[in-house]
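Student: just the structure for this:
(one chain, ligands or ions: 1)
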Amino acid sequence: MLNRIAVAEGDITIQHVDAIVNAANNALLGGGGVDGAIHRAAGPGLLAECRRLNGCATGQAKITSGYNLPAQWVIHTVGPIWQGGNQDEDNLLAQCYQNSLALAEQNDIKSIAFPSISTGVYSFPMERAAKIAVTEIKQFLEKGSQIERVVLVCFGQRAYNIHKAVVKEIIGAGDITS
Ligand code: APR
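Tutor: This is a model prediction of the structure:
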């Protein structure tokens, strides 16, 4: 388990993995944050394909090509907007990870990078989100998944430290760097 989950600090658009996950919105037509960065790096072909997907419900995931990105695939998922914790946010965020990993498995993807879904514009508390993310990834990999590598790509040192500490707490890992 330890060597299948990595924490990295930096820009998800330059990660050399089979698939990167986009923290999108329900329209799937681009936006700011990591969504904007991925669309800028992928180029116009990504938006053209997204237009044909007819949006994405919160907690669900849809897959497209990666176009100009190093990654061959982009898995778009829509996280919950934080509203205080009583609107099923934890469960919806967990579904983002479950459904993204299931979609990766279905497409024979072996390496996948996640941003910290919902922790930017959608204001989900980052440590709480990281615990959900790592728990869901651990459970998925323990069920005999063929996925070989999951990278949590953190934007900034604070996010990196939080995710590294959560991985250590839940996976019982040593010092993990990607
Ligand atoms: N690489 C990795 N992580 C990034 C990058 C990047 N290039 N840019 C931003 N992030 C981080 C943010 O710091 C945050 O921790 O991704 C996390 C998610 O933040 P957002 O991108 O704001 O996504 P989210 O909180 O899920 O809100 C989604 O924002 O961009 C719009 O269209 C998007 O409406 C949707 C909403």
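Student: how about low-confidence regions in the chain?
Tutor: Residues of the chain meeting the criterion pLDDT under 70: 1-2, 173-178.
Student: which residues does the spatially most central residue of the chain bridge with?
Tutor: Per C-alpha atoms, centre = their mean, the C-alpha nearest to the average position across the chain is that of Phe114, at 2.7 Å. Residues in a beta bridge with Phe114, per DSSP bridges, are Leu152.
Student: does it touch Arg149 like I think?
Tutor: No: look at Phe114 against Arg149 with C-beta atoms under 8 Å: they stay out of range, at 11.5 Å. (Glycine included, C-beta is placed from N, CA and C.)
Student: just to revisit the earlier point, contacts only, for the residue nearest to the centre of the chain.
Tutor: Contact partners of Phe114, counting by C-beta atoms under 8 Å, 6 or more residues apart in numbering, are Val21, Tyr97, Ser100, Ala133, Ile137, Val150, Val151, Leu152, Val153.
Student: among these, who's most crowded?
Tutor: With neighbours defined as other C-beta atoms under 10 Å, the most crowded of those is Val21; it has 30 neighbours.
Student: tally of neighbours for Gly32?
Tutor: 10.
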